[in-house]
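Chemist: Provided below are the primary sequence and the corresponding predicted coordinates.
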Amino acid sequence: MKKNCWEFMGNRKHSGNNGKKKCSECPVPSNANYNGINGGKNGGRVCWIILGTLCNENQQLVGTRQLEGCADCDFYRAVKEEEGKDLCLRLDTIQNAL
């Protein structure tokens, strides 16, 4: 079963329990613009293109610096491996898929 970033990272946004993570402040779980891309719910499997994501309670960098930081993320690498040649990676390819 494909996991969204908040499930993979152990965040509890959708269970109603924010716990130690501040996932309720992250724009990814509620960003319906990307629902279904890479098999995810809302932005859950394209978090690397959404500005202001919160990973491990830290505000991510934006733009190119965010992509560089996300390239080192275990979740990003897992999605890349799971999706293979069907991966929607960048904003322009995602917009074409919608």
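Modeler: Received it, and whenever you're ready, just let me know what you need. Numbering: from 1, shown residues only.

Chemist: contacts only, for the spatially closest residue to G39 that is not a sequence neighbour.
Modeler: Residue nearest to G39 in three dimensions, not counting chain neighbours: K2, with 4.5 Å by Cβ to Cβ, 6 or more residues apart in numbering. Placement of C-beta: from N, CA and C, glycine included. Residues counted as contacts of K2 (Cβ atoms under 8 Å, 6 or more residues apart in numbering) are 38-40, 45, 82.

Chemist: against G84, how distant is K2?
Modeler: Distance from K2 to G84, counting by Cβ to Cβ, to the nearest Å: 13 Å.

Chemist: could you do G43 as well?
Modeler: 20 Å.

Chemist: out of the two, which sits in the busier spot?
Modeler: G43 (26 against 7; other Cβ atoms under 10 Å).

Chemist: who are the contact partners of the more buried one?
Modeler: Contacts of G43 (Cβ under 8 Å, 6+ apart): 27-29, 31, 33-34, 50.

Chemist: do that again at 7 Å, thanks
Modeler: 28, 31, 34, 50 (Cβ atoms under 7 Å, 6 or more residues apart in numbering).

Chemist: drop anything exposed from the residues you listed.
Modeler: Taking 16 or more other Cβ atoms under 10 Å as the criterion, what is buried in those is 28, 31, 34, 50.

Chemist: the first one touches G44, doesn't it?
Modeler: Yes. Counting by Cβ atoms under 7 Å, a contact exists between V28 and G44, whose distance comes to 6.3 Å.
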